[in-house]
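Q: Test case, fold it:
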Amino acid sequence: MSGSPAVLLRLVASAYQVAEKAGDIVRKVLHRGDLGIVEKEGAHDLQTLADRLAQQSICASLSRRFPKITIIGEEDLPDEEVKEDLIENGQSEEILHKICPAEYSGLKEEELVVWVDPVDGTKEYTEGLLDNVTVLIGIAYAGRAIAGVINQPFYNYQVEPRVHLGRTMWAMLGLGAFGFQLKEAPNDKRIVTTTRSHSNKIVTDCVNAMEPHEVIRVGGAGNKIIQLIEGKASAYVFASPGTKKWDTCAPEVFLHCVGGKLTDIYNNPYQYDANVKRMNSAGVLATLRNHEYYASRVPQSVLQALKSD
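A: Predicted coordinates:
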């Protein structure tokens, strides 16, 4: 490898190790038993000590190494000094040795926006539904999601004997997606994954309009996208505000890298520049294959009930 790796590669290599540390923090908080739960906007919108510590770790670690990038985290935390034991300085050597796609090789720190969800699936985390939980770090350039890292802190937690707990995946447009085995859902079945705890009549009407053979209700946007790329579901359908840019930025990259697609319910792409609305007001429609079919099935009544982002 000649010269220094491109900024984007170095950022992803750092994000990989930072996500690993964040996953470790999430496990340790659970193991200690005191989750430090507070309600942000009601019983379905929680924050725990794991959310706070993991975000501090991610944001402080990345900003120390890349001081000019813009980092936007889910949690509204006070501006305070982060303890040194939360800082991760490592980088993935495997990623550093990749060749950065030409279109991104000259990017500068100040052109990149990082979207951070320190614990996606917080409510499920507090209820012990640990396979729903992910750590999400998405990277955007010119409003487009171009790279991402997903850590599953409790991957394999129900497998005995437990060889290794947790896993980290990463993806970059032009390079591919790594850390999992791509699998497609059966062609003869439409399996729709949707929200576990944020449903309403519009959400239900939209899901039913897909004429699914099976509906899987689970928590976490990251978890739902993993279901798509690992063949457990055919489409992620959520016709409601609720997810935010930090929920979809990283997962969207994984889908795009394997030929999938993520849009709003109107079949429009989301933008991820620093000044966009945080809320995905027009819902989420994500698929590995046959996106246009699912988009065509969204009822007019649902489209009229949602305001386009």
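Q: Could you list the low-pLDDT ranges of the chain?
A: Scanning the chain for pLDDT under 70 picks out the ranges 1-2, 40-45, 160-163, 307-309.
Q: for it, longest helix please?
A: Longest helix in the chain, counting residues (DSSP state H): helix 7-32.
Q: Which strands and helices lie in contact with the next helix or strand after that helix?
A: Heading C-terminal from helix 7-32, the first helix or strand you meet, by DSSP states H and E, is strand 38-39. Contact partners of strand 38-39 among helices and strands, from 3 or more CB pairs under 8 Å, 6 or more residues apart in numbering; DSSP states H and E: strand 46-47. All C-beta atoms are positioned from the backbone trio N, CA, C, and that covers glycine.
Q: now the longest helix of the chain, how far from the centre of its chain.
A: Taking the mean of its C-alpha atoms, helix 7-32 sits 13 Å from the chain's own mean (CA atoms, centre = their mean, to the nearest Å).
Q: Same question for stretch 64-72.
A: Worked out by CA atoms, centre = their mean, stretch 64-72 lies 19 Å from the chain centre.
Q: Mind listing residues that contact that stretch?
A: Applying CB atoms under 8 Å, 6 or more residues apart in numbering, the contact partners of stretch 64-72 are 7, 10-11, 14, 58-59, 62-63, 87, 89, 108-110, 112-116, 245-246, 274, 278.
Q: returning to that earlier point: who does the longest helix of the chain touch, helix- and strand-wise?
A: Using 3+ CB pairs under 8 Å, 6+ apart: helix 7-32 touches helix 49-65, helix 93-96, strand 112-120, strand 134-141, strand 144-152, strand 167-172.
Q: For the fifth one, buried residues please.
A: Neighbour-count burial for strand 144-152, with 16 or more other CB atoms under 10 Å as criterion, is recorded at 144-152.
Q: And the residues you listed, which is closest to residue 51?
A: Residue 51 lies nearest to residue 151 out of the buried residues of strand 144-152, by CB to CB, at 13.9 Å.
Q: Residue 77 reaches residue 53, doesn't it?
A: No: using CB atoms under 8 Å, residue 77 is not in contact with residue 53; the gap is 10.0 Å.
Q: Let me see the contact set for the closest residue to residue 95 other than its chain neighbours.
A: The shortest distance from residue 95 to any residue other than its chain neighbours is 4.0 Å, reached at residue 13 (CB to CB, 6 or more residues apart in numbering). By CB under 8 Å, 6+ apart, the contact set of residue 13 is 5, 91-93, 95-96.
Q: ok, now residue 87?
A: So residue 87 contacts 57, 60-61, 64 (CB under 8 Å, 6+ apart).
Q: Neighbour-wise, which one of the residues you listed leads?
A: Using other CB atoms under 10 Å as the neighbour criterion, residue 57 leads those with 24 neighbours.
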